[in-house]
Structure formats: C-alpha cells, structure tokens
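**Student:** Let's see this in three dimensions:
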Amino acid sequence: MFLLVPGLLFIAIACGDDDGDGDPTPTSTVAPAETPTPPADGETSGADGFRQFVPPLQTALDDGDASFLRDRALTEAVVCTAEDVAPTGIGGPACDFEGQEFDGFTVTFWRSEGAIIPVENAFSDLDTMLATAMPAESDDFGGGSVQVYALNVGDGFDAIVTAIIERPADFGDEGPLRVAYGTTWAFEGGSWMVTSTLTAFVLAEDLLEPSAEGGSRYPDWERYEG
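**Tutor:** Have a look, this model is predicted:
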C-alpha cells in the first residue's frame, strides 16, 4: 500500500484536478495526424516516377495483357461535326456521320497520318504484336518478344515497344517483321495514363536507334536496359 499511494498520486496529477464543474482540466493536446505516406508500390510523377512505372508495363507485356494500356487510356469526348466527316486536314476525329459521339483516343502512324478514333478500336496494333510475336526470332535489335526497348524522357514521357512478329498478309516481302510501337504517357489523377500511340510497322528502325528521323519524334531517346 505504501508503494501504491505515490503511484496513484502521480496518476491524479497527470490527469489534472477538477475545475469545479466536475470536468477534468486537460493538461495536454493531441499532436496533429501526419500526412499518410503513399504505399511503396504507388505510382509517382516525374522522370523517376515514370522510370519506376516501366517495369510494371513490361510485366503486362510479358503477360500479353493489352488491357493494361486500354484501362489507362486518356480519352476525350468527341461529337462529330460536318467538317469532321469531310476533314480538310489530318489528326482530327475519324467520323462516319455528323452527330456521331464516342470516347476518342489519339493514334498515329510513323511517317503517315493520325486521327482521333473510338478508344475501343485504338489498340488493335498492340493486339497484333502480342498475338503474333515470335520470341524465338532475333535480329540486330535483340529478341523477338514484346519488350520496352527505349524511353523518351524529357519534356514528355514515352516508352517505345518493339517485337518481331509474323508478317501481315498485306505486307510485301516474306519472313518475320520487326515492328515498333510508341506509347506516350502523362501523370493524371495519381496514375500514369497513356495519351496516344504511334505504330511503326514499317521503318521501325527509325525509332529503335538514335536517328535524324526518329529524333524529330523522340528528341530525348535513351536505350532502356530494364
């Protein structure tokens, strides 16, 4: 009992005396909660964040998972005008009739035209790469599997994907075909989102090595060794 009383006295002092109204007088305040730390596998912006994002992209390609890009497509609402149906330029909506509405996504073709098309049709070339890749083949650019080959990290963020595929029936010559597929990204809403794609099923070499032609598109080209 002699030892217990000082302990009780200490507790009473720490809790504070009555203020006369029956409510204890507080003696301290609770520290404000700290801002939660993002999870270790969370995506982050900037050059370092993009480079950290590329390995999960490669994993999706290894798995043949085209939905990884589809689910991240940054689209725009399109309502077709008469001018869109009969365009005078390139790069605008690909419309079938005035008043047509769709979620549009930008696709381009190396050394050719591009357009804003319905997002559900936008990744057919990626589907072709994943479905017809020939991993056992190789050339000066390496193996035939679908792989992130180079990055463009500067004012923009791009991952250039390549593979050796079965030559499409409507392509000339014979034998396997080396192709490239550019993907352009932006950090939106806490995630990396793909904003456009570039198909190079001809002259892919322009984009797979530093060149005057490819440099106009990817001025900060760097070989990805992941």
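**Student:** Would you tell me what helix or strand Met193 is located in?
**Tutor:** Following DSSP states H and E, one finds Met193 within strand 191-200.
**Student:** Other residues contacting that strand?
**Tutor:** Residues from elsewhere that reach strand 191-200 (C-beta atoms under 8 Å, 6 or more residues apart in numbering): 43, 49-50, 53, 69, 72-74, 105-110, 114, 122-123, 125-126, 157, 179-187, 206-207, 217. For glycine as for every other residue, the C-beta is placed from the backbone atoms N, C-alpha and C.
**Student:** Looking at those residues, which are in strands?
**Tutor:** Counting by DSSP state E, the part of the contacts of strand 191-200 found in strands is 105-109, 114, 157, 179-187.
**Student:** Can you turn the buried part of those into a PyMOL selection?
**Tutor:** Selecting the buried subset of the ones in strands among the contacts of strand 191-200 in PyMOL, with 16 or more other C-beta atoms under 10 Å as the burial test, is done by:
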select buried, resi 105+106+107+108+114+157+179+180+181+182+183+184+185+187
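**Student:** farthest pair in the ones in strands among the contacts of strand 191-200?
**Tutor:** Val179 and Phe187 (27.3 Å; C-beta to C-beta).
**Student:** Tell me what angle the longest helix seen in the chain forms with strand 191-200.
**Tutor:** Criterion DSSP state H: the longest helix present in the chain is helix 46-62. Between helix 46-62 and strand 191-200, the angle comes out at 60 degrees (axes from the mean of the first three to the mean of the last three C-alpha atoms, to 10 degrees).
**Student:** for helix 46-62, the distance to its chain's centre please.
**Tutor:** Mean C-alpha position of helix 46-62 versus that of the full chain (C-alpha atoms, centre = their mean, to the nearest Å) differs by 8 Å.
**Student:** Going by contacts, tell me the helices and strands next to it.
**Tutor:** Applying 3 or more C-beta pairs under 8 Å, 6 or more residues apart in numbering; DSSP states H and E, we find helix 46-62 packed against helix 67-70, strand 147-153, strand 157-165, strand 177-188, strand 191-200.
**Student:** Same list (these) but as TSV, adding distance to Val78.
**Tutor:** Converted to TSV, the helices and strands packed on helix 46-62 look like this (distance: least, C-beta to C-beta, whole Å):
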stretch	distance to Val78
helix 67-70	17
strand 147-153	27
strand 157-165	24
strand 177-188	19
strand 191-200	14
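**Student:** Cool, thanks, talk later.
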